[in-house]
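Asker: Below are the sequence and a predicted model; questions follow.
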Amino acid sequence: MDLCAKTLLVFPKNTEFMGKTRARGKVFLANGDGEMLELNEELEKMELEQAELLAENLALKAEMLELQTIYSGIQGKHDLYFAPPNPPPPSPSVVIPDSYKNGLKCGHEGDANRVFVLRDGAVTEAACVAACENLDSCVAFSGIMRHSHLSLWCIGCQVELGTTHSGAVAYKKTSGGAEEPSV
């Protein structure tokens, strides 16, 4: 099929041209069969639809601006009420067994790195754990906390345990409840 056979011609009927090519009166379209179609009504409908779409677009832009303003207000309140504390609170410290340090203690009697000492009747595993957890400076402790022929004791330390003491059971402080790796 030839492209030119489908070309439509637009021309004014019974009109004069004034200045720039502008038709006064009705505009018609002739199709390939010579049938005349009036375009004025269609063009007016399209112009009306275009004006309605422009008005609707302006209304939607105004609504979007209003929603953005509301969202900004809500976001500001959200940030105020749900923002994390600055700085975030420290993770709770937990004391756990440290089997790698069993057989070690915190220096010798009078060592400056010792942060607490419990002896005999005051010694329980729970009391020693609580003593270390409640002292920020305590990083580890060890002791003999079960009844034996030896006296009971536990000693907290502000550095890692490093002095040999046979039978001592070691514990360390961790952040956030980390567990001792299994071997």
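Answerer: That came through, no problem.
Asker: which stretches of this structure form strands?
Answerer: Under the criterion DSSP state E, the chain contains strands at 9-12, 27-30, 36-38, 93-97, 104-105, 114-119, 140-144, 153-157, 163-164, 169-175.
Asker: Which stretches in the protein count as helices?
Answerer: 40-82, 125-133 (DSSP state H).
Asker: which helices and strands sit right next to the first one?
Answerer: The reference is to helix 40-82. Helix 40-82 is packed against no helix or strand, with contacts defined by 3 or more CB pairs under 8 Å, 6 or more residues apart in numbering; DSSP states H and E. Heads up, the C-betas are built off the backbone N, CA and C, glycines and all.
Asker: how's the protein carved up into domains?
Answerer: Listed by automatic domain parsing, the domain ranges of the chain are 3-82, 93-175.
Asker: any idea which of those domains is most buried?
Answerer: Mean neighbour count (mean count of other CB atoms under 10 Å) peaks for domain 93-175 among those, with a mean of 17.
Asker: Same list (the strands of the chain) but as a markdown table, adding mean pLDDT and distance to A59.
Answerer: Conversion of the strands of the chain to a markdown table gives the following (pLDDT from 0 to 100; distance: least, CB to CB, whole Å):
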| stretch | mean pLDDT | distance to A59 |
| --- | --- | --- |
| strand 9-12 | 51 | 34 |
| strand 27-30 | 66 | 32 |
| strand 36-38 | 69 | 32 |
| strand 93-97 | 92 | 59 |
| strand 104-105 | 96 | 77 |
| strand 114-119 | 94 | 71 |
| strand 140-144 | 95 | 70 |
| strand 153-157 | 96 | 72 |
| strand 163-164 | 95 | 81 |
| strand 169-175 | 93 | 56 |
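Asker: Which among the ones you listed is found nearest to V129?
Answerer: Closest to V129 of the strands of the chain, according to CB to CB: strand 93-97, at 4.6 Å.
Asker: If you average pLDDT over each of the helices of the chain, which is lowest?
Answerer: If you rank those by mean pLDDT, helix 40-82 sits at the bottom with a mean of 85.
Asker: Surely L135 and V129 touch.
Answerer: No - between L135 and V129 there is no contact, the gap being 11.4 Å when judged by CB atoms under 8 Å.
Asker: any idea how far G167 lies from N102?
Answerer: Per CB to CB, to the nearest Å, G167 is found 9 Å from N102.
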